[in-house]
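S.K.: sequence and predicted structure, then a few things I'm wondering about:
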Amino acid sequence: MSSIIHIDLDQFYAAVEILDFPELKGKPLIVGGRPDSRGVVCTASYEARAFGVHSAMPSSQAARLCPSALWRVPRMDRYAEKSREVVAVFERYTDQIQTVSLDEAYLDVGGSLKLFGSAESIGRRIKNEVFSETGLVASVGVAENKFLAKVASDLRKPNGFVVIPPGRDHAAAILNPLPVSRLWGVGTKTGERLTELGIVKISDLLALDPEWLARRIGLESASRLLSLAQGIDVGEVEVGGMSKTLGRENTFAKDLFALDAMERELLAFSDEVASRLRSEHLKCGGVTLKVKFGDFTRISRALMFEEPTDLSEPLYHAARTMLRDRVQLSGRGVRLLGVTATHLVRAENAEKSLFSDEDHQKKERAAVAIDRLRGKFGDSAVTFGRLLEKRSENTGTPSE
């Protein structure tokens, strides 16, 4: 029986900007770092995507592809507010909700069928109510498991609604013609390797001898991909099992004026957040920098990663880049700084590059070793040399 619904809000950040500023409607719109910075695209309207612009693309490249685009800096607080409005609609139909990000969620409505009818009927009601009450358009997929529901919601975006009935034949009819990149865990590098092996479509994968595939990409990876290719996914909707965000912010006893001091704080925050991500078996697809000045004005900046991460280095690099390139300090004192990991995913569900470079693998092994040492001897057992310098006193606490 189909009871899983995947809901994905179309061009979410851009859609919220268009709701708040109707003059943007129908125009190529990019939400992200300005093209004169080293930022990236968070999302783009469909008019901008027609020029080849996509999320995680460097802003400078997006500007070259679409010189007529209008730009907006992300307003994460506003997006979170609209996301809460959408979740309130979900909660009318089920309490089995796994929020993947501000614009994406899985719902298990198996316990609600007697009250509201079929999963398809519930999905249509939710889609219509989200639009009528929030002005946001959602693409919806309904299926017997999370993977198939996710595939279904992606098939006819934007404003799509697709149901995959239970049964292997129905799953095969949908999956077989699709590119193998639709399978969870197949990212750019893995996709390139599979292409080298002559595996382009999901049907190509299923036609192979499993032992032959296992010898080339490993038994675990082969088994996982072959199961998904058959529409098999045993993962459950994880209710309350994952924070929407995970971060660290501090209010300083005295305002900070030196860039070096601010960057030391960001390094410490990034290291702590990365450690917490690993301890909770999570990875983040993006990071948000929060800055509050001495006059209590507050701003936030956001970046997305090409691949989810749980390492300190990319978090810190992104936060430092945003502070340097996208925050006008102009000699103002900073009262508060914060680093928040966003777009969290379970580590096992994150893109797994089968052929990641050796340097990255070394960093992952080093992070695990550091976690073990800290677990045995305390958090101060291993730290960055830069953090041995005096840091500012603060009254901050972790944020989620």
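M.R.: Good, I have the coordinates. Numbering: from 1, shown residues only.
S.K.: wait, L148 touches G141, no?
M.R.: Yes. The criterion here is C-beta atoms under 8 Å, and L148 meets it with G141 at 7.5 Å. (Glycine included, C-beta is placed from N, CA and C.)
S.K.: give the residues shared as contacts by the two.
M.R.: Each of I164 lies in contact with both L148 and G141 under the rule C-beta atoms under 8 Å, 6 or more residues apart in numbering.
S.K.: residue contacts, the spatially most central residue of the chain?
M.R.: Nearest residue to the geometric centre of the chain (C-alpha atoms, centre = their mean): H343, 3.0 Å. By C-beta under 8 Å, 6+ apart, the residues touching H343 are 100-102, 284-286, 304, 308.
S.K.: just the ones of those in strands?
M.R.: 100-101, 284-286, 304, 308 (DSSP state E).
S.K.: ok, and the most crowded of those?
M.R.: Counting neighbours by other C-beta atoms under 10 Å, C284 comes out on top of the ones in strands among the contacts of H343 with 27 neighbours.
S.K.: show me the contacts for the spatially closest residue to it that is not a sequence neighbour.
M.R.: What sits nearest to C284 in space, not counting adjacent residues and going by C-beta to C-beta, 6 or more residues apart in numbering, is A341, at 3.6 Å. Contact analysis of A341 by C-beta under 8 Å, 6+ apart lists 245-247, 273-274, 277, 282, 284, 286-287, 315.
S.K.: which among these gets closest to G52?
M.R.: G286 (21.2 Å; C-beta to C-beta).
S.K.: still on that earlier bit, which residues does the residue nearest to C284 form a beta bridge with?
M.R.: Taking DSSP bridges as the rule, A341 bridges to L246, V287.
S.K.: could you report the pLDDT at it?
M.R.: For A341, the pLDDT comes out at 93.
S.K.: and it, how close does it get to T94?
M.R.: 27 Å (C-beta to C-beta, to the nearest Å).
S.K.: same check, this time on V151
M.R.: Computed as C-beta to C-beta, the V151 to T94 distance reads 21 Å.
S.K.: compare the two (neighbour count), which wins?
M.R.: V151 (25 against 21).
S.K.: so the more buried one, which state does it fall into?
M.R.: helix (DSSP: H, G, I helix; E, B strand; the rest coil).
S.K.: how about the contacts made by it?
M.R.: 141, 143, 164, 174-175, 178, 182.
S.K.: can you count the residues close to E23?
M.R.: So E23, with other C-beta under 10 Å, has 8 neighbours.
S.K.: which SS state does it fall under?
M.R.: Put simply, E23 is helix when judged by three-state DSSP.
S.K.: the one 4 residues further on now?
M.R.: Three states are possible here, and by three-state DSSP the one that applies to K27 is coil.
S.K.: please name the residues that touch it.
M.R.: Counted by C-beta under 8 Å, 6+ apart, K27 has contacts 45, 47, 70.
S.K.: for L70, see how far away it is.
M.R.: 6 Å.
S.K.: same thing with E91?
M.R.: From E91 across to L70, the span is 34 Å (C-beta to C-beta).
S.K.: picking up where we left off before, so which of the contacts of V151 belong to helices?
M.R.: Under the assignment DSSP state H, those contribute 174-175 to helices.
S.K.: just the ones of the contacts of K27 in strands?
M.R.: Counting by DSSP E, those contribute L70 to strands.
S.K.: of the contacts of K27, which is the most crowded?
M.R.: Going by other C-beta under 10 Å, S45 tops these with 25 neighbours.
S.K.: how is this structure carved up into domains?
M.R.: Following automatic domain parsing, the chain resolves into domains at 1-166, 173-229, 246-399.
S.K.: what about V162, helix or strand, and which?
M.R.: Using DSSP states H and E, V162 maps to strand 161-163.
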